[in-house]
Every structure is written in structure tokens, then in C-alpha cells.
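[1] My questions concern the predicted model and sequence given below.
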Amino acid sequence: MKKNKNRFATFAVLFASATAIIHIGNKIIAASASLKEMLDSNRRNYYKWRFGEIFYTKKGNGSPVLLIHDMLPGGSGYEWTNIEEELAMEHTVYTIDLLGCGRSEKPGMTYTNFVYVQVICDFIKNVIGEKTDVIASGFSGSFAVMACRNEGSLFNRIMLINPPAPGNLTQMPGKKDKLLKYFLEVPVFGTLVYHMIVSRENINNLFIENMFFDPFHPDQNILDAYYEAAHKGGAQAKAAYASKASRFMNINILPALKNIDNSIFIIEGEAENNGDEVIAAYQEANPSIEAVMIPHTKHLPHVENPEKFLEQAGIFL
């Protein structure tokens with residue numbers, strides 16, 4: 001009995017020591033990710049929303065345009081750096097960091113499509129204060145569609161950049177997804193796994209392999225900004241990722257697409273996987289949806305070819 005107690009005590013000490021070492025390591029990783037200070041948060045605005053403060057910038061004059069970043073690991077308003085100044089020459093441009101992302105607050109909660117629908121609608125009502133054009137990148141296109149379906153009077157035109165396939169959004173969380181979310185949310189050890197997922201090497205590989213048309217000349221500033229944003233906020237930075245990875249942000253947008261009267265325009269990167277099929281699915285749900293492909297781009301055409309993107313945006317807005 002005494003021998004077993006000694007073994008248990010030894011195990012407890014070793015476990016506590018390992019936990020402490022990993023905890024310190026997590027803190028060091030999060031702090032070192034911000035050394036380049038790619039995400040400037042000085043002299044900017046924060047919208048005090050019910051679940052946390054939302055970071056945003058406001059530039060220019062004219063009809064309002066709201067830019068909503070993709071939900072990639074490390075997503076933030078930095079995504080729009082190459083086009084927001086040009087857009088601001090004719091529009092009042094609002095660039096937002098969604099709750100749980102970038103420079104916004106990152107509460108430890110389950111992030112669903114409806115959470116972001118509320119964020120977008122409340123932001124337009126309480127900050128912008130008038131009917132707004134929205135440009136949403138990637139997965140966030142589903143938030144824009146559902147927000148417009150809920151409160152269409154707040155929206156003017158909607159541009160979707162490489163939106164998710166509607167069929168993929170119908171996949172709801174299963175037991176494995178819920179287990180994944182639970183594991184990622186475990187203190188210290190779940191954070192370590194998250195840091196491995198969003199390591200600098202993995203962020204770089206994600207963009208080189210899946211985001212850029214030309215993998216040999218990636219925009220290093222973009223890579224640094226995503227890496228920093230993925231770690232900003234310490235352990236809580238993993239909350240939004242855990243919810244998306246486990247499909248808690250999914251929702252069937254097809255009924256909404258069929259009932260929306262607003263003008264919707266899709267921009268696809270020429271090399272985006274299944275781009276033609278995605279456009280066809282959206283147009284089948286709503287034949288009035290227009291679409292165009294930008295050559296020599298992939299998932300982020302507004303980053304890879306801002307001039308061509310702005311040309312299309314100028315026609316639409």
C-alpha cells in the first residue's frame with residue numbers, strides 16, 4: 001500500500017511539473033508570436049458588444065462598405081490590407097475583426113453561425129447606422145447570407161469571395177466533432193495541441209498549399225499577420241478555431257439564399273478547388289446570383305490580385 005502511495009505521489013509530482021512546463025511554454029509561444037507587431041491596434045475603435053469588444057477600423061467617405069474576413073486560423077481584418085485604402089477613396093470602409101478573432105476579445109464560448117449573425121447585424125445597426133454593402137471572405141460568407149436573411153433591411157449588396165459550398169455547411173457536429181472541441185478546450189494540453197496546429201510552419205504550409213495561386217512567392221507579411229492573430233489573446237485564441245473545426249459554425253444556408261432579394265455577387269479564384277461547382281450550387285438556389293472568376297488567383301484573390309479584384313468590386317458596388 002505504501003509503495004503504491006509513493007508511486008502515485010511521484011506520478012502526481014511529474015504530472016504537475018509537466019503541466020507547469022507546458023503552461024509556461026504556451027505563454028512563451030503566444031508572446032513570441034506578436035514580436036513583429038503586424039496587427040496594429042493603436043488609435044483604432046472598439047465596439048462594446050454583449051459578449052466582448054469588437055475591433056474595427058473606419059476609413060474614407062461615401063456609402064458604407066463592411067469587410068468581413070475569412071475564418072481561417074489567424075483570420076483578421078488584416079486580410080483586407082491590399083484593397084481597403086482604394087475602396088476608401090469612394091466609400092466609408094469598415095474593417096472588422098470578428099469576435100474571437102484578431103484584435104477582438106476572445107471569450108471562451110461556443111461560436112456558432114448565429115453568434116456572428118448577431119455580431120454583424122448589431123454592428124451595422126449600432127456602429128454604421130445605415131444600409132450597408134458587405135464583402136465577406138470565405139467561410140464568413142455564410143454569416144453574411146444568414147444575417148441578410150434575418151435582417152434584410154440592414155443590407156444593400158453582398159459580395160462573397162470563394163464562399164463555402166452550401167452542401168458542406170449542412171454537416172452538423174457529431175460525437176467525434178464534440179469530442180474534438182472538448183479536447184481542444186482542455187486547459188494547457190488542449191492549448192498545446194492548438195499551438196501545434198497553428199505553428200508558423202503549419203500556417204505557412206496552409207497558405208502555400210491551399211491559399212495562393214503562386215506558392216513560390218507568398219506574401220510574408222500576410223503569413224506573419226495570420227500567425228500573430230492565431231496566438232493573440234493567449235489560451236482563449238483557440239476558442240473560435242475549436243468551434244469551427246468541430247462544425248459548430250455550420251448551418252444550412254440554402255433556404256436563406258432562395259429567399260434573399262438583395263443583389264449577391266460571387267468572386268472565385270480561378271484555381272480555387274471546385275469553384276465552378278460552388279458557383280453552380282449558389283445559382284441553383286438563387287438564379288439571380290452573378291459570379292466571376294479572377295485568373296491566376298486561388299482562395300484570396302483580393303490579396304493576390306488586388307487590382308483585378310477592385311475592378312470587379314467597382315462594377316458591383
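    Looks like it came in fine.
[2] SS state for the nearest residue to Gly275 once chain neighbours are set aside?
    Excluding the flanking residues, the one nearest Gly275 by C-beta to C-beta, 6 or more residues apart in numbering is Glu268, at 4.1 Å. The way it works is simple: take the backbone N, C-alpha and C, and place the C-beta from them, glycine included. Classification of Glu268 by DSSP: H, G, I helix; E, B strand; the rest coil places it in strand.
[3] ok, so what distance separates Glu268 from His302?
    Glu268 sits at a distance of 12 Å from His302 (criterion: C-beta to C-beta, to the nearest Å).
[4] Looking at the two, which one has more neighbours?
    His302 (27 against 23; other C-beta atoms under 10 Å).
[5] which secondary structure element contains that one?
    helix 301-304 (DSSP states H and E).
[6] If we go by neighbour counts, what in that helix is buried?
    Pro301, His302, Val303, Glu304 (16 or more other C-beta atoms under 10 Å).
[7] The first one contacts Phe309, doesn't it?
    Yes - applying C-beta atoms under 8 Å as the test, Pro301 and Phe309 come out as touching, 5.2 Å apart.
[8] Now for the two: what residues contact both?
    Shared contacts of Pro301 and Phe309 (C-beta atoms under 8 Å, 6 or more residues apart in numbering): Ile267, Ile294.
[9] Gly174: neighbouring residues, count only.
    As a burial measure, Gly174 scores 11 neighbours (other C-beta under 10 Å).
[10] Excluding chain neighbours, give the residue nearest to it in space.
    Leaving aside its sequence neighbours, Gly174 sits nearest to Arg247 (C-beta to C-beta, 6+ apart; 7.9 Å).
[11] Give the intersection of the neighbour lists for Glu268 and His302.
    Counting by C-beta under 8 Å, 6+ apart, the shared contacts of Glu268 and His302 are Ile161.
[12] As a check, name the ranges of all helices in the stretch 51-200 of the chain.
    Counting by DSSP state H, counting those that start in this stretch, one finds helices in the stretch 51-200 of the chain at the ranges 84-87, 113-123, 141-150, 175-184, 189-197, 200-206.
[13] Please give the element, helix or strand, for the nearest residue to Lys36 once chain neighbours are set aside.
    Leaving aside its sequence neighbours, Lys36 sits nearest to Asp224 (C-beta to C-beta, 6+ apart; 5.2 Å). Here Asp224, judged by DSSP H and E, is contained in helix 220-231.
[14] so what secondary structure elements neighbour that helix?
    For helix 220-231, the packing partners by 3 or more C-beta pairs under 8 Å, 6 or more residues apart in numbering; DSSP states H and E come out as helix 200-206.
[15] tell me the angle the helix holding Asp224 makes with helix 189-197.
    Helix 220-231 and helix 189-197 are oriented at 170 degrees to each other (axes from the mean of the first three to the mean of the last three C-alpha atoms, to 10 degrees).
[16] Find the nearest non-adjacent residue to the residue sitting nearest the centre point of the chain, please.
    When C-alpha atoms, centre = their mean is applied to the chain, the residue found nearest the centroid is Met71 (2.0 Å). Closest residue in space to Met71, ignoring its immediate chain neighbours: Phe139 at 4.2 Å, by C-beta to C-beta, 6+ apart.
[17] Any idea how many residues pack against the one you found?
    Neighbours of Phe139 under the rule other C-beta under 10 Å: 22.
[18] Isn't it up against Ala165?
    No - using C-beta under 8 Å, Phe139 is not in contact with Ala165; the gap is 10.7 Å.
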